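Undergrad: Prediction below, plus the sequence it came from.
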Amino acid sequence: MGLYYSPSLKGFFDDALHASIPDDAVKINKAAHTALMTAQASGRPITFDAAAGKPVALAPPEPLLADRRAQQLTATRVEAGRRIEAITPLWRQSNDNAVLGELAWRAPEGLSDDEAAQLLEARQRRAAIDAVRQASDALEAAIGAMTVAQLKALDVTQADHWPAAPSRT
């Protein structure tokens, strides 16, 4: 009983299952077969190395330009979300929206010192969030024009892509 790989048919054969084995098939052991199948399952194509006389798993293919762009766009959005959450959590953003809606229309009538302070803090947090969104938009636009090499080198978590983080209140 044995396992074989046929370079011409690019497939594996088991003499316990197949009545005939191709003439160009080379015998491989179970461990090699398992390793090759595991590699193939992770996206690595199998080919025949004529010099070595055996099948081998190649490195996974490089992602296409569109795939790299999509990965970097997703990473940018995740990083923007992380930075926004670091400025203020979602519950506070929701509360700020209520403050902005409630107090902004009352501002012409006059606000108490406490209300004015609340409004100012909410506006400052909103401005910091808007700055992150603008940086994210700019980075996404830049990603759309980047080459593969630029996309490979890009680290969207680097601080120089983003506005300075304000102190958290």
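TA: Cool, the structure landed.
Undergrad: what about the strands in the protein?
TA: In the chain, strands defined by DSSP state E lie at 3-6, 11-14, 26-28, 46-49, 54-57, listed in chain order.
Undergrad: deepest of the ones you listed, which one?
TA: Compared across those, strand 3-6 shows the largest average neighbour count, a mean of 20 (mean count of other C-beta atoms under 10 Å). C-beta here means a position set from N, CA and C on the backbone, and glycine is covered the same way.
Undergrad: What's the mean pLDDT across it?
TA: Averaged over strand 3-6, pLDDT sits at 95.
Undergrad: Report all helices and strands that that strand contacts.
TA: strand 11-14, strand 26-28, helix 30-41 (3 or more C-beta pairs under 8 Å, 6 or more residues apart in numbering; DSSP states H and E).
Undergrad: List the strands paired with that strand, with their directions.
TA: On the basis of DSSP bridges, the sheet neighbours of strand 3-6 come out as strand 11-14 (antiparallel), strand 26-28 (antiparallel).
Undergrad: Tell me which of those sits nearest to Leu90.
TA: Using C-beta to C-beta as the measure, strand 11-14 is the one of these that comes nearest Leu90, at 51.8 Å.
Undergrad: Please save the CA atoms from the closest one in PDB.
TA: Output of strand 11-14 as PDB, limited to C-alpha atoms (Å, rounded to 0.1, in the frame of the first residue of the first chain):
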ATOM      1  CA  GLY A  11      -2.800  14.800  -8.100                       C
ATOM      2  CA  PHE A  12      -2.300  12.100  -5.400                       C
ATOM      3  CA  PHE A  13      -3.000   8.500  -5.800                       C
ATOM      4  CA  ASP A  14      -3.400   5.700  -3.300                       C
END
